[in-house]
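Peer 1: Here is a sequence with its predicted model. Questions after.
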Amino acid sequence: MPTASDIYDPAVPDSPAHSASSHQHQHQQQQQQQQQQQQQQQQQQQQQQQQQKEQQQQQQQQQQQVQQQQRMEQQQQQQQQQQQQQEVQQRMEQQQQPQAVQQQQPQQEGGGGGGGCGGSGAGGGGGGVEGGSSGGGGGSGGSSGSRAPAPAAAAAAAAAAAAAAAAAAAAAEGAAAAAAAATAAAAGAAAAADGAAAAAAAAAAAVAAAAAGGAAADGAAAAAAAATAGSAATAAAAGGAAAAPAAATAAAAAAAAATAATSSASPHHLSGPSLSSFPSYPTFQLCFNAFSIMPLIL
């Protein structure tokens with residue numbers, strides 16, 4: 001049966017103290033491994049976060065470059081549109097000036113023809129014919145003035161240029177909207193990365209909680225081992241206490257035997273029979289009566 005010193009000695013292989021110490025050593029090794037795993041996970045998370053940040057920065061730089069290019073293109077388109085409008089206006093002004101001069105010249109020629117018509121007699125008639133011919137010439141001038149649809153073509157060209165400018169502006173707005181969508185997508189990717197990092201942190205916390213639970217379980221096992229050792233020590237002490245009365249009884253019996261042997265060997269018993277050695281009264285009376293009757297019979 002193991003003693004209390006053996007129970008509490010970690011060097012004894014089968015003792016509860018040895019099993020508890022070995023269990024604690026195993027638990028410490030497990031904790032160290034878990035800590036190393038957690039550190040590796042944290043390092044991986046940090047690397048992922050750095051990579052995500054770098055990607056976000058690159059995306060932002062690319063978006064800024066795209067936006068700058070779009071702005072430059074918009075400015076160039078606006079400048080080209082302004083130049084086209086100015087050229088159209090200049091052409092319209094240049095075309096309107098010769099037409100005004102042509103309109104003034106036929107009116108003056110028509111007046112001359114009227115004068116011819118105002119001549120005397122047949123001459124006046126001839127003059128009228130000549131005036132009519134000159135009037136016809138003026139009419140021909142009017143027909144030449146009917147070439148005025150050129151300003152309408154210029155207006156149509158200006159309208160087409162304005163439509164092209166509007167289309168370019170719409171395209172620029174579409175590009176800006178696409179850039180905004182790309183920015184929103186990058187923000188969504190960053191949010192997803194943050195969510196993944198939060199999930200990894202939660203997993204690390206769960207691992208730490210599991211390690212804490214294992215430590216608590218190991219502590220409970222160590223406490224149970226200590227309680228077992230205490231109960232064993234208590235049982236050993238109880239066995240010793242139970243053996244003490246038996247030893248005392250045996251010692252008392254041995255003392256009584258020694259006393260009896262001593263009393264039997266004393267001279268008091270060798271002096272003669274005691275009163276207790278005589279028979280009882282009825283037996284003595286019968287013997288006396290028998291001895292007293294024998295002479296009478298004989």
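Peer 2: Happy to help now that I have it.

Peer 1: just for the stretch 51-200 of the chain, where's the confidence low?
Peer 2: Low-confidence segments of the stretch 51-200 of the chain (pLDDT under 70): 98-154.

Peer 1: at 90 instead, please
Peer 2: The stretch 51-200 of the chain contains residues with pLDDT under 90 at 84-85, 87-200.

Peer 1: Which residue is the nearest non-sequential neighbour of residue 55?
Peer 2: Leaving aside its sequence neighbours, residue 55 sits nearest to residue 189 (C-beta to C-beta, 6 or more residues apart in numbering; 7.8 Å). Glycine gets a C-beta too; all of them are placed from N, C-alpha and C.

Peer 1: where's the one you found relative to residue 52, distance?
Peer 2: 8 Å (C-beta to C-beta, to the nearest Å).

Peer 1: repeat for residue 19
Peer 2: Look at residue 19 and residue 52: by C-beta to C-beta, they are 49 Å apart.

Peer 1: Kindly report the same for residue 206.
Peer 2: The gap separating residue 206 from residue 52 is 23 Å, by C-beta to C-beta.

Peer 1: Those two: which is more packed in?
Peer 2: residue 52 (17 against 10; other C-beta atoms under 10 Å).

Peer 1: where's the spatially closest residue to the more buried one that is not a sequence neighbour, which helix or strand?
Peer 2: Closest residue to residue 52 apart from its sequence neighbours, by C-beta to C-beta, 6+ apart: residue 193 at 4.3 Å. Residue 193 belongs to helix 150-264 when assigned by DSSP states H and E.

Peer 1: Please apply the same query to residue 42.
Peer 2: Secondary structure here is read from DSSP H and E; on that basis residue 42 sits in helix 16-117.

Peer 1: same for that helix, what does it pack against?
Peer 2: Helices and strands touching helix 16-117, by 3 or more C-beta pairs under 8 Å, 6 or more residues apart in numbering; DSSP states H and E, are helix 121-145, helix 150-264.

Peer 1: wait, what's in contact with the residue nearest to residue 52?
Peer 2: 48-49, 52 (C-beta atoms under 8 Å, 6 or more residues apart in numbering).

Peer 1: Make TSV out of those and add distance to residue 84.
Peer 2: Shown next, in TSV, are the contacts of residue 193 (distance: C-beta to C-beta, whole Å):
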residue	distance to residue 84
48	53
49	52
52	47
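
Peer 1: Out of those, which is nearest to residue 36?
Peer 2: The nearest member of the contacts of residue 193 to residue 36, counting by C-beta to C-beta, is residue 48 at 18.8 Å.

Peer 1: doesn't residue 201 make contact with the closest one?
Peer 2: No. Taking contacts as C-beta atoms under 8 Å, residue 48 lies outside contact range of residue 201: 12.0 Å.

Peer 1: Could you report the neighbour count for residue 28?
Peer 2: Neighbours around residue 28, by other C-beta under 10 Å: 12.

Peer 1: should've said residue 54
Peer 2: Counted by other C-beta under 10 Å, the residues lying close to residue 54 total 10.
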